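Colleague: What shape does this take:
(one chain, ligands or ions: 1)
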Amino acid sequence: MMIYEVAIVGAGPIGIELAVALKEANISTVHFEAGQIGATIEWYAPGTTFFSSSDRISICGVPLETPNQAKATREEYLRYLRSVVRQFDLKIRTYDPVTGISKEKDYFKLISAGGETSAKRVVLAIGDMQLPNLLDIPGEDLPYVSHYFRDPHTYFGKKVLIVGGKNSAAEAAIRLYRIGCDVTLSYHAAELNFERIKFWIAPELRSLIASKSIKFLGDSKLKEIADHKAIFTVQGKESAYQYDFVLLLTGYCQDPSLFEKFGIELVGDTKIPVYDPETMETNIPEIFIAGTACAGSQVKSHKEFIETTHVHVNRIVGRITGVRSNASEKHYLLSES
Ligand SMILES: Cc1cc2nc3c(=O)[nH]c(=O)nc-3n(C[C@H](O)[C@H](O)[C@H](O)COP(=O)(O)OP(=O)(O)OC[C@H]3O[C@@H](n4cnc5c(N)ncnc54)[C@H](O)[C@@H]3O)c2cc1C
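Modeller: Got it, this is the predicted structure:
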């Protein structure tokens, strides 16, 4: 029976970066991915631009170049991830979600869609955005209601309600207005907090709301959706409006179920996994955490991104091999300052 040294769960940017580092250290690795590589980025709307500059989201020392030196789009970054995987000839078991684990004498048995696999150590690089934040209202599961902004073309010429007030909602509102949709933005507070919207998006949204090109429903709470009708409380009064599509862009949270199955301790309302920041080892010996998975659900503010979690790779490889590269870590810490 083959017992791998390390099993990596998740092939987002940080899982891929770790796989390359372990390969370069000659450590045998098996790598699982529930969907396609970069599955979290795959569900961004087409043409979405990263807010991080390319050097901060590039991995494995491979430069990420864009045609006009601007920040990468979703498509450019997915192409980049594919090329890194091919360049380093990584073998990733895509569409093979890990669903469980058992502890044998000195290794783990991982259960995935493809069967059972044995490894001495496991790294969970599963991200922090597996589930949408649900409003828990009737009609949330209707076919014209979604927590994901897809291709703007889908909504062309239609009346669209967007619920939310941060970057995803702001960007969707502008893009849909620009392709001729009738857009309403509903937000729970009386005013949007433009300080919390990216500085290159905020002025345009502010001016489109001021000119009433985008309708803004402040102090509004969506209560129900039925027969394309959205029923709100707006400024304390009940109102109902017709829409073709409803986009509930109220953020995403982590699915803690795999951590729970693995016995990893989760702390607080946002269920932050317990780990040693020096080694990224969790409370279960030989089970590690990498990437934004370490953050729990980033509900109020996002502190962990691709750019802040590159350093996990060096810490995990250092713990496994006993050799930690200060130079590699310094590079990322300097670029974050
Ligand atoms: C619109 C938008 C724009 C963003 N822009 C930026 C930005 O500019 N800069 C930035 O740093 N971040 C940005 N982010 C956040 C960014 O997507 C994450 O920081 C990044 O994807 C985290 O990388 P990761 O490798 O830690 O996890 P992820 O990319 O989330 O990868 C985790 C992977 O694990 C897989 N997985 C989960 N569970 C299992 C399982 N049980 N078995 C096997 N595989 C599993 C998932 O399918 C996924 O592919 C943005 C997010 C959104 C929504």
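Colleague: Can you name the next helix or strand after the one helix or strand Ile41 maps to?
Modeller: In the assignment (DSSP states H and E), Ile41 maps to helix 39-42. For helix 39-42, the following helix or strand on the C-terminal side (DSSP H and E) is helix 54-57.
Colleague: list the helices and strands the helix or strand following that next one packs on?
Modeller: As assigned by DSSP H and E, the chain's next helix or strand after helix 54-57 is helix 74-87. Counting contacts by 3 or more Cβ pairs under 8 Å, 6 or more residues apart in numbering; DSSP states H and E, helix 74-87 is packed against helix 13-24, helix 39-42. All C-beta atoms are positioned from the backbone trio N, CA, C, and that covers glycine.
Colleague: Check which residues of helix 74-87 are buried.
Modeller: Using 16 or more other Cβ atoms under 10 Å as the test for burial, helix 74-87 gives 74, 76-78, 80-81, 84-85.
Colleague: Of those, which is the nearest to Ser186?
Modeller: Of all the buried residues of helix 74-87, Ser186 sits closest to Arg74, with 25.6 Å by Cβ to Cβ.
Colleague: Can you report how many residues lie near the residue in the stretch 201-337 of the chain positioned nearest to the ligand?
Modeller: Ranking the residues of the stretch 201-337 of the chain by distance to the ligand (Cβ to the nearest ligand atom) places Gly291 first, at 2.3 Å. By other Cβ atoms under 10 Å, 30 other residues sit near Gly291.
Colleague: can I get the helices and strands packed on helix 74-87 in JSON lines with mean neighbour count, distance to the ligand and mean pLDDT?
Modeller: What follows is the helices and strands packed on helix 74-87, written out as JSON lines (neighbours: other Cβ atoms under 10 Å; distance: least, Cβ to the nearest ligand atom, whole Å; pLDDT from 0 to 100):
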{"stretch": "helix 13-24", "mean neighbour count": "24", "distance to the ligand": "4", "mean pLDDT": "98"}
{"stretch": "helix 39-42", "mean neighbour count": "18", "distance to the ligand": "3", "mean pLDDT": "98"}
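Colleague: quick revisit: contacts for the helix holding Ile41 next, please.
Modeller: The contact list for helix 39-42, computed with Cβ atoms under 8 Å, 6 or more residues apart in numbering, reads 11-13, 33, 35-36, 74, 77-78, 81, 127, 129.
Colleague: how does it look with 7 Å?
Modeller: Outside helix 39-42, the residues within contact range by Cβ atoms under 7 Å, 6 or more residues apart in numbering are 12, 33, 36, 74, 77-78, 127, 129.
Colleague: now, the most widely separated pair of the residues you listed?
Modeller: Farthest-apart pair in those is Glu33 and Arg74; separation 17.5 Å (Cβ to Cβ).
Colleague: of all the residues in the stretch 151-300 of the chain, which ones are close to the ligand?
Modeller: Listed as neighbours of the ligand in the stretch 151-300 of the chain under the rule Cβ under 6 Å from any ligand atom: 168, 258, 291-293.
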